[in-house]
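> I'd like to go over a predicted model; first the sequence, then the structure.
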Amino acid sequence: MPEILIILALVAAIALLFRTLVRKASERIESQYARIAERFGLELTRHPPKLFGFVRPEPSVFGSHRGRELSISVPGKGLQNTRQVETVLKLELRDRRLKAEIAPTGMLGGLRHRDSGGKLRWRSGDAAFDAAVDLRTDSGHRLSALLTAERREWLMRALKAGKGTIYIGNGTLAYAEFGLIADKRCRERFEAMVEFLCDLAESVEADRPGHALERGGGSCV
């Protein structure tokens, strides 16, 4: 009988320690999301804990920034039906025709090309960029103008740092990164990506055929 009580006490202590660790990790993540919400003027959604506090769903933010709908959340389904979670930033794009996927080169980058629709790899002609970035699209002629030397350099650094992927299509610009926003470095990476994608979205829309006529800006060639 004493042995059973000791075992039960150990189990209870381990469970309490695990719940405490989960709570502290959740609090760190929530604090990063709160900072993102404050910086961009977004709505922060906190989800109540489940199973007596042992399960704590990740928070999310939603709203608009620079006139575009913006959200950051963690989809419930892992990458390709695995348990590997991603944090996904989504930004509204008003040009629905441009479609592309941009990922780091290598085995991991190839794994993440899950929505490329069989598109061939596009090469920019920039040797350093093409060696570091695997870009799939059927609109290379547009991307060659959109991805300036400055943007290519920034993308190389950002995708390498976060091992992330950018998806363009169906009215959305999205950035997906493995893991959770649990520290300052990761949060700042997402904050910088928000501004980069906003800049890119504005360039994409300005570049679309008929844009000048829509704004009364003259002929479009």
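Alright, I've got the coordinates.

> Correct me if wrong, but Ile166 is in a strand.
Yes. Assessed by DSSP: H, G, I helix; E, B strand; the rest coil, Ile166 belongs to a strand.

> if I look at it, how far off is Gly125?
As for Ile166, its distance to Gly125 is 20 Å (criterion: C-beta to C-beta, to the nearest Å). Where you see a C-beta, it was placed from the backbone N, CA and C, and this is true even at glycine.

> Which of these two has more residues huddled nearby?
Taking other C-beta atoms under 10 Å, Ile166 and Gly125 do not tie; Ile166 has more neighbours (22 against 7).

> Now for that one: which residues touch it?
Ala100, Glu101, Ile102, Ala103, Leu155, Leu159, Leu173, Ala174, Tyr175, Leu197 (C-beta atoms under 8 Å, 6 or more residues apart in numbering).

> Columns distance to Leu89, secondary structure and neighbour count on top of these, output as a markdown table?
Output for these, formatted as a markdown table (distance: C-beta to C-beta, whole Å; DSSP: H, G, I helix; E, B strand; the rest coil; neighbours: other C-beta atoms under 10 Å):
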| residue | distance to Leu89 | secondary structure | neighbour count |
| --- | --- | --- | --- |
| Ala100 | 16 | strand | 22 |
| Glu101 | 15 | strand | 23 |
| Ile102 | 14 | strand | 23 |
| Ala103 | 15 | strand | 24 |
| Leu155 | 15 | helix | 22 |
| Leu159 | 13 | helix | 23 |
| Leu173 | 9 | strand | 25 |
| Ala174 | 7 | strand | 19 |
| Tyr175 | 4 | strand | 25 |
| Leu197 | 7 | helix | 26 |
